Structure formats: structure tokens, C-alpha cells
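# A predicted structure for the sequence below; I have some questions about it.
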Amino acid sequence: YTSARIVTRNRYEPTYGRIEARIKLPTGQGLWPAFWLLGNDIGTVGWPQCGEIDIMEYRGQEPATLFGTLHGPGYSGGAGISQTYVLENDRFDTAFHTFAVEWEVGVIRWYVDDVLYHTVVPSDLNGNEWVFDHPFYIILNVAVGGNFVGPPDPSTVFPQTMRVDYVRVYSGGAAGDSCCILRGDVNDNGTITSADIIALVNYVFKGGPASVCTDHGDVNDNATITSSDIIALVNYVFKGGAAPAECPVSATVPSGPAPTPTIQPGDVVSLFSDAYTNVPVTTWSADWDEADVEDYLIGSDSTKKFTNLVFSGTEFLAPTVDASAMTHFHMDVWTPDPTDAPAVFKVKLVDFGANGVWDGGVDDVEHEIWLDENTMNTGSWVSLEIPLADFTGLITRAHLAQLLLSGDPDTVYVDNIYFHR
């Protein structure tokens with residue numbers, strides 16, 4: 001059998017971060033798709049000393065089940081530290097799903113569609129060495145046969161395809177950043193008991209190990225870990241005292257609506273806004289786009305929520321929009337995703353020309369604007385106010401028919417989309 005793989009060795013080798021891919025998997029006896037990381041020192045120390053992080057492994061004959069596994073010295077092959085994830089009432093070969101690890105100093109977490117299902121820390125290794133504090137490279141492949149899956153049989157259909165929408169790496173921070181789940185859970189087992197008090201005493205007074213997430217030992221949330229945290233934890237566990245301070249929660253949805261527009265209605269052609277009368281929109285998700293869109297209410301304010309955003313296609317075809325008298329394009333945008341460089345958000349406008357259809361003729365024009373960290377922001381509304389003159393390729397604006405959104409953010413809320421003068 002002939003297969004293929006993508007490998008970033010000697011090209012891109014991250015240390016820490018969130019590493020994810022959106023993939024639609026194949027199916028069939030003997031197929032072995034995988035998305036994984038391998039230590040870049042394999043050439044000098046060999047496997048498994050180099051370490052291996054299997055973000056996703058899958059048996060083609062079991063289309064609802066996958067595996068997340070860690071391999072290292074003393075815990076490799078069939079003895080790897082593994083956990084299965086079962087997709088209830090569905091299969092991984094019928095739609096795209098997101099597979100990810102969050103890799104920090106002293107902890108690796110596995111996710112499917114943002115659901116956490118597996119965590120490994122050094123104390124899980126039964127005294128074996130933790131070898132995951134150096135660069136790793138990324139591999140995507142589809143193997144055929146092998147001990148893990150067995151050989152293909154007459155039911156296996158060829159050719160097969162693992163469809164990869166994207167692979168993304170979000171940079172990791174310092175140890176302890178963004179890992180706080182439960183303050184007081186010093187031994188990181190999901191509960192707060194007397195064992196956590198003992199662990200905290202050992203750390204503060206006896207030089208014992210810190211919690212994998214250092215914030216878990218900071219019971220009173222004052223950015224230090226001292227005897228006062230021990231006292232607070234004793235009071236909570238044995239005396240019914242106040243619970244440890246809550247961990248910070250990253251905003252994943254807007255806390256309030258976008259700013260209300262103030263431009264007079266007579267100077268606006270609106271595609272979407274509660275403040276104006278909107279022109280007809282044929283579709284917010286054309287059949288050729290790669291995005292999901294839904295209506296989303298923030299209080300009583302209507303927004304559009306785009307998820308799995310590769311590129312969205314909004315079309316206004318009957319009629320097209322005449323913006324020849326307008327000077328600016330406006331849109332309010334909110335995303336929970338990283339917007340620091342090199343992330344960009346892209347806005348494209350397309351004019352179909354006088355015949356009102358895209359036919360590749362000389363009257364079809366378009367232009368795309370790229371917006372970087374100087375404009376975009378994470379976790380707050382950004383009001384895009386773009387002069388139409390900046391869309392330099394859009395030499396006519398009398399028959400605008402499409403708005404395309406794309407770029408690095410995976411989830412975007414939008415509101416108040418209009419042209420104005």
C-alpha cells in the first residue's frame with residue numbers, strides 16, 4: 001500500500017502551546033490515521049526517549065472511538081498512557097472535528113471539539129522520566145495496517161482520504177499561565193481534600209513539589225503561596241470556611257452588545273443591524289463556504305455568530321447592493337480567539353458588475369482587506385470603519401453581491417454591517 005504524511009521536522013518545531021487540527025477522518029478496516037508530535041531529538045536519543053504526544057489516533061474499523069496517548073521512557077507502545085474518547089451517536093468519518101492538546105510545563109491536556117477528556121502530569125508516570133520540555137515536530141499521516149489496527153480486509157475501500165481543514169498552533173505562556181481550574185486542588189486530581197493540605201504544607205515548609213498549576217496553591221488569590229494559604233485551606237476543608245477564590249474565566253462570548261450606531265439612516269445601506277432597515281440578504285452561509293453561522297442574541301440585540309470559520313460567504317443577490325454613493329464599510333466584530341501577530345482577520349467585498357452574476361468577466365471586481373493586531377482585539381468589540389477607497393481593487397461598487405470573512409479567528413461575532421457616507 002502507498003500512503004502519505006505531512007511532517008514539520010526541521011521546519012517548524014514548537015515547544016508548548018495549544019496544537020490543534022480540524023479533520024474529517026476516513027473509515028475502513030486497517031486504516032490508521034493520526035495527528036501527533038515527536039521529539040526533535042529523536043536522531044540523537046532515539047525513541048521513546050525523545051517523547052511522543054499522540055493528539056489523535058484512530059482505528060478505521062471503529063469510527064466512533066479515538067485515542068489520545070503519551071509515550072516516553074518506561075511508558076511506550078502498548079504501555080503508553082492512553083485515554084479513549086467515544087463520540088456518542090455519531091462517527092468521526094461523517095463530519096469535521098477538532099482535535100487538540102494544550103501542552104504546558106508539567107501538564108498535557110487532550111481535547112475533542114473543545115471537550116477535555118485526558119490529562120497527564122509527571123506524577124502519572126510511576127517514577128518514569130517526563131521528556132516533554134523541548135521542541136517537538138508535527139506529523140499528520142494515514143497508515144495502512146500495523147499492530148494497532150490489523151491489515152485491511154475485503155471490506156476496506158480504496159482510495160481513502162483524511163481531510164484536514166487546518167492545523168493551528170497557539171503559543172504557550174510561562175508555566176502556570178491559563179491553567180487555573182480549581183484553587184486549593186494542590187495535587188491536581190479534581191477535588192479538594194486533606195491530601196491537598198498535606199501537599200501544600202510539604203511545598204511551603206518542606207521544599208516539596210509545587211502544584212502542576214501553581215495557581216492551585218494560591219488559595220487566597222494574592223499571587224503568593226504562603227502559610228496563609230494553608231490556613232485558608234484548613235478552614236475550608238475542616239471548618240466550613242470560605243471556599244478558595246475562583247479561577248479566572250476567559251470570556252468566550254460577548255458580555256454585552258456592540259455599540260449602537262449613530263449615523264443617520266438616510267446615509268446608510270445596511271446588511272445587518274437592529275438600528276436600521278436592512279436590505280435583503282440571500283444567504284449568510286453560501287453552499288460553497290467553509291463556516292457555520294447562527295443567529296445569536298445578546299440581551300435583545302441580534303448578532304451573527306460564525307464558528308469553524310475558514311471562509312464565510314454572505315451573498316446579497318436579489319438585488320445586488322448599490323454602494324456607489326457610500327464612502328465607508330462598517331462592521332462590529334468580537335472574537336475570543338488570539339489576535340496577536342501573526343493572526344489576521346480578512347474582509348473581502350465582491351462586485352458582480354452590471355449583469356449581476358459572477359462569470360469571471362471584466363466587470364467582476366473584488367478586494368480583500370487584512371486586519372492585524374493593530375486593529376483587532378481579543379475579548380472586546382472592535383468597530384471596523386474602513387474607507388471604501390482602501391478596497392483598491394473594488395473599482396466599481398454599484399453591484400456589490402458578496403461579503404467574505406476569513407483569517408485566523410475560529411469564532412467571530414458580528415453586528416452592524418453596513419455601508420455609509
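Sure, I can see it.

# Residue 393 and residue 351 touch, don't they?
No. Look at residue 393 against residue 351 with CB atoms under 8 Å: they stay out of range, at 9.7 Å. C-beta here means a position set from N, CA and C on the backbone, and glycine is covered the same way.

# More neighbours: which of these two?
Neighbour count, other CB atoms under 10 Å: between residue 393 and residue 351, residue 351 has more, with 27 against 12.

# From residue 365, how far out is the more buried one?
5 Å (CB to CB, to the nearest Å).

# How many residues are close by the residue nearest to residue 150 when sequence neighbours are not counted?
Ranked by CB to CB, 6 or more residues apart in numbering and with sequence neighbours excluded, the top spatial neighbour of residue 150 is residue 30, at 5.8 Å. Using other CB under 10 Å, residue 30 has 21 neighbouring residues.

# Wait, a strand at residue 216?
No. With DSSP: H, G, I helix; E, B strand; the rest coil as the criterion, residue 216 is located in helix rather than a strand.

# Quick check: closest non-adjacent residue to residue 38.
residue 52 is the one closest to residue 38 (CB to CB, 6+ apart), at 5.5 Å.

# so who does the one you found touch?
Residue 52 makes contacts with 36, 37, 38, 39, 69, 70, 71, 72, 76, 80, as judged by CB atoms under 8 Å, 6 or more residues apart in numbering.

# now swap in residue 148 and tell me
32, 57, 59.

# so residue 230 makes contact with residue 200?
Yes. Here residue 230 lies in contact with residue 200, judged by CB under 8 Å, at a distance of 5.3 Å.

# more crowded one of these two?
Counting neighbours by other CB under 10 Å for residue 230 and for residue 200 shows that residue 200 has the greater number, 27 against 21.

# so that one is in which element?
Assigned by DSSP states H and E, residue 200 belongs to helix 194-206.

# Would you mark the buried spots in that helix?
Within helix 194-206, the residues scored as buried using 16 or more other CB atoms under 10 Å are 196, 197, 199, 200, 201, 203, 204.

# Can you tell me which of those lies closest to residue 165?
residue 196 (41.0 Å; CB to CB).

# who touches the closest one in this structure?
184, 185, 186, 187, 233, 237.

# Return the subset of the residues you listed lying in helices.
Among the contacts of residue 196, the members falling in helices (DSSP state H) are 233, 237.

# Just give me the least confident of the contacts of residue 196.
Comparing pLDDT over the contacts of residue 196, the lowest score belongs to residue 187 (83).

# Nearest residue to that one in space, ignoring adjacent ones along the chain?
Here the residue nearest residue 187, using CB to CB, 6+ apart, is residue 199, at 4.9 Å.

# now do residue 76
Going by CB to CB, 6+ apart, residue 76 has residue 48 as its nearest residue, at 3.7 Å.

# quick one: low-confidence ranges for the stretch 51-200 of the chain?
Applying pLDDT under 70 to the stretch 51-200 of the chain flags residues 171-179.

# what about the strands in it?
Remark: strands assigned in the stretch 51-200 of the chain by DSSP state E, counting those that start in this stretch are 52-58, 65-71, 81-86, 97-104, 107-112, 115-120, 136-144, 163-170.

# do you know which of those strands lies nearest residue 24?
strand 163-170 (4.2 Å).

# rewinding a little: could you tell me which residues touch both of residue 393 and residue 351?
365, 366.

# so how far is residue 22 from the residue of the chain most remote from its centre?
Distance from the centre of the chain peaks at residue 239, with 41.2 Å (CA atoms, centre = their mean). Separation of residue 239 from residue 22 (CB to CB): 48 Å.

# Same question for residue 36.
Distance, residue 36 to residue 22, using CB to CB: 16 Å.

# do the same with residue 35
10 Å.

# With residue 253 instead?
For residue 253, the distance to residue 22 equals 21 Å [CB to CB].

# same deal with residue 198?
Residue 198 is 43 Å from residue 22, by CB to CB.

# Residue 234 now?
46 Å.

# just to revisit the earlier point, would you convert the strands of the stretch 51-200 of the chain into JSON lines that also reports distance to residue 296?
Below are the strands of the stretch 51-200 of the chain laid out as JSON lines (distance: least, CB to CB, whole Å):
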{"stretch": "strand 52-58", "distance to residue 296": "29"}
{"stretch": "strand 65-71", "distance to residue 296": "30"}
{"stretch": "strand 81-86", "distance to residue 296": "28"}
{"stretch": "strand 97-104", "distance to residue 296": "20"}
{"stretch": "strand 107-112", "distance to residue 296": "23"}
{"stretch": "strand 115-120", "distance to residue 296": "21"}
{"stretch": "strand 136-144", "distance to residue 296": "33"}
{"stretch": "strand 163-170", "distance to residue 296": "22"}
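
# Could you pull up the residues touching the closest residue to residue 399 other than its chain neighbours?
Spatial nearest neighbour of residue 399, excluding adjacent residues (CB to CB, 6+ apart): residue 320 at 4.2 Å. Going by CB under 8 Å, 6+ apart, residue 320 touches 351, 352, 356, 399, 400, 401.

# 10 Å instead, please
Residue 320 makes contact with 279, 282, 350-354, 356-357, 398-402 under the criterion CB atoms under 10 Å, 6 or more residues apart in numbering.

# Tell me where this structure has helices.
All helices of the chain, identified by DSSP H, fall at 42-45, 194-206, 227-239.

# Can you verify my assumption that residue 97 contacts residue 22?
Yes. Using CB atoms under 10 Å, residue 97 is in contact with residue 22, at 7.1 Å.

# tell me, what's touching the two both at once?
Shared contacts of residue 97 and residue 22, defined by CB under 10 Å, 6+ apart, comprise 113, 165.

# Is it possible to get JSON lines of the helices of the chain that adds distance to residue 26?
Below are the helices of the chain laid out as JSON lines (distance: least, CB to CB, whole Å):
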{"stretch": "helix 42-45", "distance to residue 26": "27"}
{"stretch": "helix 194-206", "distance to residue 26": "45"}
{"stretch": "helix 227-239", "distance to residue 26": "50"}
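
# out of those, nearest to residue 287?
helix 42-45 (44.5 Å).

# Can you name every helix or strand that that closest one contacts?
Applying 3 or more CB pairs under 10 Å, 6 or more residues apart in numbering; DSSP states H and E, one finds that helix 42-45 makes contact with no other helix or strand.
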